[in-house]
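In: Below are the sequence and a predicted model for it; my questions follow.
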Amino acid sequence: MKSSDLAEVRKRLWRAADELRANSTLSPSEARGPILGLIFLAYAEHRFEAVRPELEAKATLRRPVTPDDYRAKSVLFVSEEARLSFLVRLPEDEDLGEALDTAMRQMEAHNPELNGVLPRGYQRLQKSTLTEMLRLFAPLPRTLSGDAFGLIYEDFLSNFAMAEGRLGGEFFTPYSIVRLIVEVIEPFHGKVYDPACGSGGMFVQCAKFVERHQESATRELSIYGQEQKEATVPLAKMNLALHGLSGDIRLANSYYEDLHHAVDKFDFVMANPPFNVNGVDKAKLAGDRRFPYGPPKTDNGNYLWIQQFYTALNDSGRAGFVMANSAGDAGHSEGEIRRQLIESGSVDVMVAIGTNFFYTVTLPVTLWFLDKAKAGTEREDTVLFIDARHIYRQIDRAHRDFVPEQIELLANIVRLYRGEDIETIDGSGALVKKHFPDGAYADVPGLCKAATRAEIQAQGWSLNPGRYTGNSAAEDDDEDFTEKLEELFEEFTRLSDEAVELRAKVDAAITGILSA
């Protein structure tokens with residue numbers, strides 16, 4: 001399908017979403033379910049019809065085709081009542097809302113992994129709205145390929161995330177960020193874990209990485225996740241099923257619950273956890289092996305997440321995750337945890353990302369990459385710092401992303417640093433040649449720097465890439481000024497929080513002395 005045609009389909013379907021929100025009593029978050037449910041039915045039918053001729057050709061009267069035969073092909077069984085092609089042909093006097101709810105029940109009945117996952121409540125919607133939505137969605141199984149369905153689903157998740165504002169970020173991490181993380185950790189084979197998995201985008205991109213390298217994701221990857229928000233777990237399970245994947249996704253609060261017994265278990269960990277969470281009950285964490293360096297004294301959950309990711313890795317595991325910039329320079333107990341983590345030799349790569357990549361926060365973030373297999377290699381005593389704050393595509397005034405060429409360039413910097421072969425399928429060859437003319441890794445001012453542990457210690461154990469890469473040659477425009485202002489504001493907020501904490505300690509000490 002041409003990209004221009006796909007863009008038109010996206011627009012047409014999003015207009016259907018607008019109509020649903022305008023002509024129903026549903027909030028944006030409530031409208032999300034019915035729309036994604038229709039995309040799900042369309043893609044399920046598409047995959048079902050693709051393998052049905054082959055399976056039915058092998059069937060006999062004594063051995064008819066069963067739902068298990070479809071599952072063996074990583075395809076969901078779709079009964080006639082659950083097919084959009086059936087629903088769109090129903091007589092006008094049929095209760096369309098009830099028919100759609102029945103379709104969802106049928107899907108779950110024939111595919112136990114979907115039990116309790118698919119949306120309900122279509123009977124709450126006006127018949128005219130349902131009729132129009134079906135008219136728009138019914139042609140999808142005949143007009144879209146598998147990759148296009150995935151793009152449509154991701155597009156709707158991103159649009160819903162923008163529509164729902166901060167809450168939308170609880171289930172969606174932008175595609176280009178996830179793709180970069182995947183390209184750096186290289187999940188060719190093994191167990192993948194995300195303890196804050198949202199709608200499962202990290203898992204889907206892992207699968208696409210495997211498929212880009214001509215292997216089967218269902219054979220090569222085992223998927224495990226935890227998600228705190230009950231309404232988000234079905235999104236993840238639907239997303240996996242939509243892409244022909246299965247995984248063990250569980251509802252859990254990952255601060256206190258470790259339902260997958262994660263310590264030392266996983267080959268890969270990926271996550272975009274909530275930043276700067278306060279109010280975690282640290283008394284519940286006593287003796288928990290996931291926190292070997294202990295909880296930070298500050299009321300901030302960042303280093304609880306970082307320790308979870310670190311301890312979930314096996315001896316050769318890699319992790320890639322999103323983190324607030326402030327975690328790279330945080331002092332006191334957080335700084336001590338960071339020192340121990342650096343001295344363990346597992347911190348591999350740090351990538352500074354500029355503003356406006358996320359729907360939940362405009363502030364810049366940092367991508368952290370851990371690699372326990374670094375021990376005994378030439379990289380054991382170094383950390384690669386990349387400043388990507390001036391690499392981006394401006395989508396609109398409020399949003400940025402990376403194009404594939406930029407993702408590939410950043411991943412190739414890491415590959416050169418590790419002594420691996422670069423990839424140029426997305427067109428980064430000229431950029432790689434420009435920055436690394438000799439075809440080998442070298443520090444590039446303003447872009448990348450491989451710093452030794454001694455250099456990091458001299459910087460107070462900071463993991464802020466800007467401290468090591470130096471200034472880039474960016475123009476002094478309004479965007480740069482805004483980015484710098486936001487970075488300074490985040491640093492001011494962090495220091496203010498520490499000041500409040502220190503003031504409380506001083507007050508308590510003085511009160512104790514005076515009352516003695």
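Out: Everything's here; your move.
In: now the strands for the stretch 201-350 of the chain?
Out: Under the criterion DSSP state E, counting those that start in this stretch, strands of the stretch 201-350 of the chain are mapped to 221-227, 248-251, 266-271, 313-324, 347-353.
In: for the stretch 401-516 of the chain, same thing?
Out: Using DSSP E, counting those that start in this stretch, the strands of the stretch 401-516 of the chain run over 448-452.
In: so where's it shaky on pLDDT?
Out: By pLDDT under 70, the weakly predicted segments of the stretch 401-516 of the chain are 472-501, 504, 515-516.
In: What are the boundaries of the helices in it?
Out: Along the stretch 401-516 of the chain, the segments classed as helices by DSSP state H, counting those that start in this stretch run 404-418, 429-435, 453-458, 466-469, 478-515.
In: go on, the stretch 1-150 of the chain?
Out: 3-22, 28-58, 67-72, 84-87, 96-110, 127-137, 140-143, 146-164.
In: Those helices: which one's closest to D371?
Out: Proximity to D371, assessed across those by Cβ to Cβ, is greatest for helix 146-164 (27.7 Å). To be clear about C-beta, it is placed using only N, CA and C from the backbone, and glycine gets the same treatment.
In: just checking, what packs against the next helix or strand after that closest one?
Out: Going down the chain from helix 146-164, the next helix or strand is helix 175-185, by DSSP states H and E. Packing partners of helix 175-185 (3 or more Cβ pairs under 8 Å, 6 or more residues apart in numbering; DSSP states H and E): helix 201-212, strand 266-271, strand 313-324, strand 347-353, strand 365-371, helix 404-418.
In: Let me have these in CSV, extended by mean neighbour count.
Out: Listed next are those as CSV, based on neighbours: other Cβ atoms under 10 Å:
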stretch, mean neighbour count
helix 201-212, 22
strand 266-271, 26
strand 313-324, 21
strand 347-353, 24
strand 365-371, 23
helix 404-418, 21
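In: Where does the prediction get shaky in the stretch 151-300 of the chain?
Out: 151, 161-172.
In: re the thing from before, relative to P296, which of the helices and strands packed on helix 175-185 is closest?
Out: Nearest to P296, of the helices and strands packed on helix 175-185 and by Cβ to Cβ, is strand 313-324 at 13.2 Å.
In: Show me the contact partners of that closest one.
Out: Outside strand 313-324, the residues that touch it by Cβ atoms under 8 Å, 6 or more residues apart in numbering are 173, 177, 181-182, 184-187, 264-273, 275-276, 302, 305-306, 309-310, 312, 346, 348, 363, 365-373, 490.
In: Nearest residue to Y70 in space, please, no chain neighbours.
Out: Nearest non-adjacent residue to Y70, counting by Cβ to Cβ, 6 or more residues apart in numbering: F77, 4.4 Å away.
In: got the contact list for that neighbour?
Out: So F77 contacts F48, P67, Y70, R71, H110, N111 (Cβ under 8 Å, 6+ apart).
In: List phi and psi for it.
Out: phi -80, psi 130 (degrees, to the nearest 10).
In: ok, now how distant is it from H390?
Out: Separation of F77 from H390 (Cβ to Cβ, to the nearest Å) stands at 50 Å.
In: next one: P274
Out: Distance of P274 to H390, computed by Cβ to Cβ: 27 Å.
In: residues near A430, how many?
Out: 11 (other Cβ atoms under 10 Å).
In: what about the stretch 1-150 of the chain, any weak spots by pLDDT?
Out: Along the stretch 1-150 of the chain, segments meeting pLDDT under 70 span 1-7, 28-29, 144-150.
In: Swap in 80 and give it another go.
Out: Within the stretch 1-150 of the chain, the stretches with pLDDT under 80 are 1-32, 137-150.
In: can you pull the contacts of the nearest residue to E45 once chain neighbours are set aside?
Out: Leaving aside its sequence neighbours, E45 sits nearest to P141 (Cβ to Cβ, 6+ apart; 4.5 Å). By Cβ under 8 Å, 6+ apart, the residues touching P141 are A42, Y43, E45, H46, E49, L84, S85.
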